[in-house]
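Undergrad: how would this look folded up:
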Amino acid sequence: MAAAPGLDREGLRPGEASALRALIVSASFGSGHHQANTALDQALCARGVDLQARHADTLEYLSGLERTVIAGTYELWLRYLPGMYRAFYRWTDRPGAPTAQAFGRLGLRSMRRDVREVRPEVVISSYPTPTVLSDHARQVEGLRYLNVLVVTDYRVHQHWARPEAELLCVATEAARGQMVQAGIAPERVVVTGIPIAPVYGQLRGADRAALRGRHGLRPDLPLILLSGGGGGHYRARDRVLAELANLGERVQVLVPVGQGPPGVTQEGGATVHRLGFTRDFPELLAASDLVVGKAGGLTVAEATTLGVPLVVHAPIPGQEEHNAELLERAGAGLWARELPELRRAVRRALDPGEHAQLRARALAFGVPDAADRVAGAILRQLGRCSGEEQAGGPHG
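TA: Numbering: from 1, shown residues only. Predicted coordinates:
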C-alpha cells in the first residue's frame, strides 16, 4: 500500500520537520473511544515518535442544541428504550443507510478550525463520524493528510465502513472480512486488535493475591468486577448486584465510579466495594476472577488481555450483543441472556475447572500490544518506519 502524501510543511518552525503532528478525535459516548485514543498516543510516543497531538471530542464540535439532541437521544434509548436503539442499529446496518453521512457535516466548522491550526500529517478517529468530517475538512481547506479510523467494536456495523479513510484498523480477521464485504478496499484494512493502555499488557500474568493484598481485598474469596460502562447508564446494575448478593457463596464485588457513592457494604453474601474515582482500575481488573455485566469493546479487550473471563448480561443492543456472541464462540465468556440465567452462569464461571478453561481462552483472545500494532500501521502508511518494518507490509 503506497504511503499517503505527506503534510505540506509550509510554516514549520525550525526543528519541527521530524515531529508527527496529529489530530486525534474521539466521541464521548461512554469512555471507550477516548481510552483507545489515549492508548494510541502512548504507543506512538513509546516508539520514539516526537508526537505533537491535539485531542478532540467530536461531540464538542457540535452546537449545544445538536449535542443535547444527539447525546440525549442516545442516553434515553439506552436507559429506557433499548429496543428502539436495537431497531436503529439494525435499520442503519445496510449500504447507503443515513449514518455517518447524515451527520458528516455537523461540527464541520470546528473540524476545519482544528485542521487549519494543527496542520496535521494524520487525523486519527476512534469513531466513524469524525472520519467523514475530516475528509470534508481537508477538501475544503485544500490540505493533504492521512485519514485513519480505529474501530473499537468487534463487529463492523455499516457505520464503520468509511471509504473516506485511507487506513482502517480492526479487531479481528472476521472484522476485516466484514469491512471488505461492506465495500472497503482490502489493502486499506489492517487487523490490529482494539488499542488498550500498555499497563494491561504489563499486568498480564501478575500475582492476583498480591494485587488484592495491596488494595485491601481478600485473596480467599472470589472477586467480581461489575462492568457498567463509563456513562453510568447500565440499566441492569441493581438487578445484577441483587443476583451477586444471592449466589449461595460469599464473594467480593467491585462497582466502578459513577455507580453509587464510594464505600463498602455487605449485601447478602456479597461484600460490595463502590470505588469512586480511582487510578487503580487496571490493577483491580487484573486482581479479579470475573467481569460481570456489559460487554463494551474496550472492556472486552482489557479483560481478555488479563485473562479475566466475562459473564455478560443486558449488553447494549447491537454492538455489545455481537461482542457477547464473539466471547461465547471464543470460549472466553458466557452470556446470560435472561436474568434467571445469570446466577447459574456466574457460579459456573467461578467453578475452578471451568474458570481455568475460560481464563486460558480469554488470554488467547486478548491482544495486549494492539495499540502498538495500530501505531506501527500508521507509521508504515506514512513512510516513517525503519526499512525492515516498512517491508513487513500493512498486515504484519
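Undergrad: Just the CA atoms of stretch 353-372, as PDB, please.
TA: The C-alpha coordinates for stretch 353-372 follow below in PDB (Å, rounded to 0.1, in the frame of the first residue of the first chain):
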ATOM      1  CA  GLY A 353     -12.200 -26.300  36.300                       C
ATOM      2  CA  GLU A 354     -14.500 -24.100  34.200                       C
ATOM      3  CA  HIS A 355     -12.700 -20.900  35.300                       C
ATOM      4  CA  ALA A 356      -9.300 -22.300  34.300                       C
ATOM      5  CA  GLN A 357     -10.600 -23.000  30.800                       C
ATOM      6  CA  LEU A 358     -12.300 -19.700  30.400                       C
ATOM      7  CA  ARG A 359      -9.200 -17.900  31.600                       C
ATOM      8  CA  ALA A 360      -6.900 -19.700  29.200                       C
ATOM      9  CA  ARG A 361      -9.200 -18.900  26.300                       C
ATOM     10  CA  ALA A 362      -9.500 -15.300  27.400                       C
ATOM     11  CA  LEU A 363      -5.700 -14.900  27.400                       C
ATOM     12  CA  ALA A 364      -5.600 -16.500  23.900                       C
ATOM     13  CA  PHE A 365      -8.200 -14.000  22.700                       C
ATOM     14  CA  GLY A 366      -6.600 -10.800  24.100                       C
ATOM     15  CA  VAL A 367      -4.200  -8.600  22.100                       C
ATOM     16  CA  PRO A 368      -2.100  -6.800  24.600                       C
ATOM     17  CA  ASP A 369       0.000  -4.900  22.000                       C
ATOM     18  CA  ALA A 370      -2.900  -3.700  19.900                       C
ATOM     19  CA  ALA A 371      -2.100  -0.100  20.400                       C
ATOM     20  CA  ASP A 372       1.500  -0.700  19.200                       C
END
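Undergrad: Flag the shaky bits of this protein, pLDDT-wise.
TA: 1-17, 98-104, 229-233, 257-260, 386-396 (pLDDT under 70).
Undergrad: Please parse it into its domains.
TA: The chain breaks down into these domains under automatic domain parsing: 20-196+369-390, 199-365.
Undergrad: Turn those into JSON lines, including mean neighbour count.
TA: Where you see a C-beta, it was placed from the backbone N, CA and C, and this is true even at glycine. Formatted as JSON lines, the domains of the chain follow (neighbours: other C-beta atoms under 10 Å):
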{"stretch": "domain 20-196+369-390", "mean neighbour count": "20"}
{"stretch": "domain 199-365", "mean neighbour count": "19"}
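Undergrad: Tell me which residue lies nearest the centroid of the protein.
TA: residue 298 (3.4 Å; C-alpha atoms, centre = their mean).
Undergrad: Not counting its neighbours along the chain, what's nearest that one?
TA: residue 32 (3.8 Å; C-beta to C-beta, 6 or more residues apart in numbering).
Undergrad: Would you mind measuring from the one you found to residue 46?
TA: 21 Å (C-beta to C-beta, to the nearest Å).
Undergrad: circling back to that earlier point, the residue nearest to the centre of the chain reaches residue 153, doesn't it?
TA: No: using C-beta atoms under 8 Å, residue 298 is not in contact with residue 153, being 9.9 Å away.
Undergrad: on that earlier part again, show me what the helix or strand hosting the residue nearest to the centre of the chain is packed up against.
TA: For residue 298, the host element (DSSP states H and E) is helix 297-305. On a contact count with 3 or more C-beta pairs under 8 Å, 6 or more residues apart in numbering; DSSP states H and E, helix 297-305 meets helix 32-46, helix 198-202, helix 281-287, strand 310-312, helix 319-330, helix 352-365.
Undergrad: need the next SSE after the third one, C-terminal direction.
TA: For helix 281-287, the following helix or strand on the C-terminal side (DSSP H and E) is strand 290-293.
Undergrad: strand partners of that following strand, parallel vs antiparallel please.
TA: With DSSP bridges as the test, strand 290-293 is paired with strand 223-227 (parallel), strand 310-312 (parallel).
Undergrad: got JSON lines for these, with distance to residue 89 too?
TA: Output for the strands paired with strand 290-293, formatted as JSON lines (distance: least, C-beta to C-beta, whole Å):
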{"stretch": "strand 223-227", "distance to residue 89": "20"}
{"stretch": "strand 310-312", "distance to residue 89": "17"}
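Undergrad: Those: which one's closest to residue 255?
TA: Smallest distance to residue 255 across those (C-beta to C-beta): 5.0 Å, for strand 223-227.
Undergrad: Check the offset of the helix or strand following the closest one from the chain's centre.
TA: Using DSSP H and E, the helix or strand that follows strand 223-227 in sequence is helix 237-244. Chain-centre distance of helix 237-244: 25 Å, with C-alpha atoms, centre = their mean, to the nearest Å.
Undergrad: Stretch 39-48 too?
TA: Stretch 39-48 sits 17 Å away from the centroid of its parent chain (C-alpha atoms, centre = their mean).
Undergrad: same check, this time on stretch 144-162
TA: Remark: stretch 144-162 is offset 12 Å from the chain centroid, using C-alpha atoms, centre = their mean.
Undergrad: can you check stretch 277-286 too?
TA: 17 Å.
Undergrad: end to end, how far does it reach?
TA: 17 Å (C-alpha to C-alpha, to the nearest Å).
Undergrad: With stretch 209-224 instead?
TA: Using C-alpha to C-alpha, the two ends of stretch 209-224 sit 14 Å apart.
Undergrad: what does it contact?
TA: Residues from elsewhere that reach stretch 209-224 (C-beta atoms under 8 Å, 6 or more residues apart in numbering): 208, 244, 249-254, 271, 273, 280, 283-284, 286-292, 346, 350.
Undergrad: Alright, that wraps it up for me.
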